[in-house]
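S.K.: Compute the structure for the input listed below.
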Amino acid sequence: MGRTSDAKARLIGAAMELIYARGYSAVGVQEICAQAGVNKGSFYHFFPSKQALVLTVIDAYAQYVQQMWEEAMMAVQSPLERMLQVFKATYEAHCTLVDACGQMRGCPIGNLALELSNQDEIIRQKLWEVFRGWADMVEQMLRESAVSGELHVHDIDTTAQSIIAYFEGVLLLAKTQNDPLVVKQLAQGVKYLLETHRRDHLDKTNNWE
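M.R.: Alright, predicted model coming up:
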């Protein structure tokens, strides 16, 4: 069952690394086992399928990103400063990754959403839960800011989801350009999301309804 009792953790770690680098479909169970140093029979002792493994991997990715967001949110700063701190931490993390492997890999959750949302309903639902959890963190920040009078946001849920969508879009552009500097350059864009939603009179001409 692998070399040691940490076989399951090594399988998860290997899957996280390989899937992040190349995507879910390009990585097979045998390759994950080889990188983890675990035999294939032991894989199925821990995970009934590759799908089951990737669901665990998604949780691990999500926990890492959420921890980064929470650390930024805990700072005693304005909502804008907190969000800029999220982008700064993201930029720094990807700079380290590019130095190590030469690739700007984007958001691991966003990558899987693009690859698998139309292929696997269970994985799609799991990915949406992750995005929803991140939006809930932003929403809580916005509600606290509204109570304190620091912000006056008309639609907190939409604003929170818009911020997550912007964050993911920035990482997608940075991945496409293979350059983490894009994250730094576009970080200020979150300012416009906060300012737009705090105005007393929204521009109705921009509504789609």
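
S.K.: from here on, contacts and neighbour counts on C-alpha atoms
M.R.: Noted.

S.K.: domain ranges for the chain?
M.R.: Split into domains by automatic domain parsing, the chain comes to 1-48, 51-206.

S.K.: any chance of those in TSV, plus mean neighbour count?
M.R.: Formatted as TSV, these follow (neighbours: other C-alpha atoms under 10 Å):
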stretch	mean neighbour count
domain 1-48	16
domain 51-206	17
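
S.K.: In CSV: those domains, plus mean pLDDT.
M.R.: CSV is the format used below for the domains of the chain (pLDDT from 0 to 100):
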stretch, mean pLDDT
domain 1-48, 91
domain 51-206, 89
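
S.K.: Name the single longest helix found in the chain.
M.R.: Longest helix in the chain by number of residues, with DSSP state H as the criterion: helix 121-148.

S.K.: Helix or strand next in line after that one, which one?
M.R.: As assigned by DSSP states H and E, the chain's next helix or strand after helix 121-148 is helix 156-177.

S.K.: what about that next one, distance to the chain center?
M.R.: Its chain's C-alpha centre lies 10 Å from the corresponding centre of helix 156-177 when counted by C-alpha atoms, centre = their mean, to the nearest Å.

S.K.: Following the chain past it, name the next helix or strand.
M.R.: helix 181-186.

S.K.: Who are the packing partners of the longest helix of the chain?
M.R.: helix 50-73, helix 79-101, helix 108-116, helix 156-177 (3 or more C-alpha pairs under 8 Å, 6 or more residues apart in numbering; DSSP states H and E).

S.K.: change it to 6 Å
M.R.: Here helix 121-148 touches helix 156-177, going by 3 or more C-alpha pairs under 6 Å, 6 or more residues apart in numbering; DSSP states H and E.

S.K.: Between helix 108-116 and the helix it packs on, find me the angle.
M.R.: Taking axes from the mean of the first three to the mean of the last three C-alpha atoms, to 10 degrees, helix 156-177 and helix 108-116 form an angle of 80 degrees between their directions.

S.K.: quick check: angle from helix 156-177 to helix 79-101?
M.R.: On the basis of the same axes, to 10 degrees, helix 156-177 is oriented at 30 degrees to helix 79-101.
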